[in-house]
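Undergrad: no FASTA, just this:
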DNA sequence: CTGTTTACTTAACAGTGTTAACCTTACCGT
DNA sequence: ACGGTAAGGTTAACACTGTTAAGTAAACAG
């Protein structure tokens, strides 16, 4: 009727869903509520998405894309190797803490309700890993770090950072511990963990 | 009617819920389904639990208890400091991978649906951290590690290990990477990350 | 033999995801 | 210009969901 025609309904649904998810929480993101905000009926959503999981998956994809953009932005080969790594780690953490709900969208969706196919959807992040692995490869070539497989190393680092973020976002961090100190120390630990430390025998 | 009377309904509900959650997944764990398996009606559950979140919280508590037991079991002050740390890390990972659903119960429940009070429920894990912090304190006293606050360090290590586990359980690990290699390397990195490495100036 | 408590039930409310069937509007080939 | 078709939406319904109010039946206390 009086819908603005310059935006496709699919995009509108995605935007409304994300807004609902971020502002009102997962449980409030129902098909009927989404539909109401988009000025359509719930069934119309099924014209653009197979089902609710499919819609969620599209949201995940979008958020992954945003995270990747931040990481790529901060990559700068002109900078020192270690510095580059630290800046990436901090950019990752910053993204997660500044957009906690968006980060949640990426990781906190129950996998059981996801079929197998979405694995391919994560190819975009995979690219980011490979970039990271590239950086690590350079460091290895310069004998700055001690690592077998740069790709494994990239995943290891990422997993550890995700753990740090996850603990904070899940509110599992002891209230006696100041968050920033925790982050600083964690980043230090993570980076130190694979820097070469040849004890001069 | 023909319920076995030697088990309280509360415990029965917990057991049935956990079984349902583990075997059939979160979405299948509905109040009516739980009730049916426990040979009661759904409303009876509300006599023992405030609501579904309350029931979930009790499940989380139970699982946290089990995880803690495994960790405490593996603690052995007679062993070397580093070895003890590594064994705890591996025990943690082993628990998570052997009982993935139970681990999920602990961490993957959406926090938004949890009110503030459950913070206290995590005191039991907090104890485990303090034991870990104690171990780290000893290492610090012996100048084996370089760390300011042992409690922060304990949380850092735990967060990193959780990250590793989380990546595996969420199936976010690149299929080209062998899981065991990933784990080994991660554990190495994490432990190396805070071992003292004074470059003899 | 009452009164109260305990443990449970039935019935209902408001909401959920999803599907089948229907209606409009727009475009396309003849 | 006209009929067919397909896109993009609708209504109505199904089988569920968590949760609550009210009722019931048994056990126990005075």
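TA: Perfect, thanks for sending it. Source: prediction; values computed, not measured.
Undergrad: pLDDT weak spots in chain A?
TA: A:1-7, A:108-125, A:196-201 (pLDDT under 70).
Undergrad: let's go with 80 and repeat that
TA: A:1-7, A:108-128, A:143-144, A:146, A:170-172, A:196-201 (pLDDT under 80).
Undergrad: tell me the residues of chain A that contact DNA strand C?
TA: Applying C-beta under 7 Å from any atom of the strand, we find that chain A lies next to DNA strand C at A:29, A:30, A:31, A:32, A:33, A:42, A:43, A:46, A:51, A:52, A:53. (Glycine included, C-beta is placed from N, CA and C.)
Undergrad: list buried residues within the residues you listed.
TA: A:29, A:31, A:52 (16 or more other C-beta atoms under 10 Å in any protein chain shown).
Undergrad: backbone phi and psi for the second one, please?
TA: Per-residue torsions, residue A:31: phi -60, psi -40 (degrees, to the nearest 10).
Undergrad: residues in contact with it?
TA: Neighbour list for residue A:31: A:42, A:45, A:52 [criterion: C-beta atoms under 8 Å, 6 or more residues apart in numbering or on different chains].
Undergrad: closest one of the residues of chain A next to DNA strand C to DNA strand D?
TA: Comparing those against DNA strand D with C-beta to the nearest atom of the strand places residue A:43 closest, at 3.7 Å.
Undergrad: that closest one sits in which helix or strand?
TA: When elements are assigned from DSSP states H and E, residue A:43 belongs to helix A:42-45.
Undergrad: hmm, that helix touching DNA strand D?
TA: Yes - using C-beta under 7 Å from any atom of the strand, helix A:42-45 reaches DNA strand D at A:42, A:43, A:44.
Undergrad: going by neighbour count, which residues of the helix ranked longest in chain A are buried?
TA: Using DSSP state H to define each element, chain A has its longest helix at helix A:52-74. Of the residues in helix A:52-74, A:52, A:54-64, A:67-68, A:70-71, A:74 count as buried by neighbour count, 16+ other C-beta under 10 Å.
Undergrad: just the element for residue A:177, please.
TA: Here residue A:177 is assigned to no helix or strand, by DSSP H and E.
Undergrad: the closest residue to it other than its chain neighbours: what secondary structure?
TA: Nearest non-adjacent residue to residue A:177, counting by C-beta to C-beta, 6 or more residues apart in numbering or on different chains: residue B:152, 5.4 Å away. Using DSSP: H, G, I helix; E, B strand; the rest coil, the three-state assignment for residue B:152 comes out as helix.
Undergrad: quick one: contacts for residue B:152?
TA: Neighbours of residue B:152 in contact, by C-beta under 8 Å, 6+ apart: A:177, A:181, A:182, A:185.
Undergrad: residue of chain A with the smallest distance to chain B?
TA: Closest residue of chain A to chain B, C-beta to the nearest C-beta: residue A:163 (2.2 Å).
Undergrad: among the buried residues of helix A:52-74, which ones lie close to DNA strand D?
TA: The subset of the buried residues of helix A:52-74 within reach of DNA strand D, by C-beta under 7 Å from any atom of the strand, is empty.
Undergrad: how's chain A carved up into domains?
TA: Following automatic domain parsing, one finds the domains of chain A at A:7-49, A:51-192.
Undergrad: before I go, just wanted to say thanks for your time.
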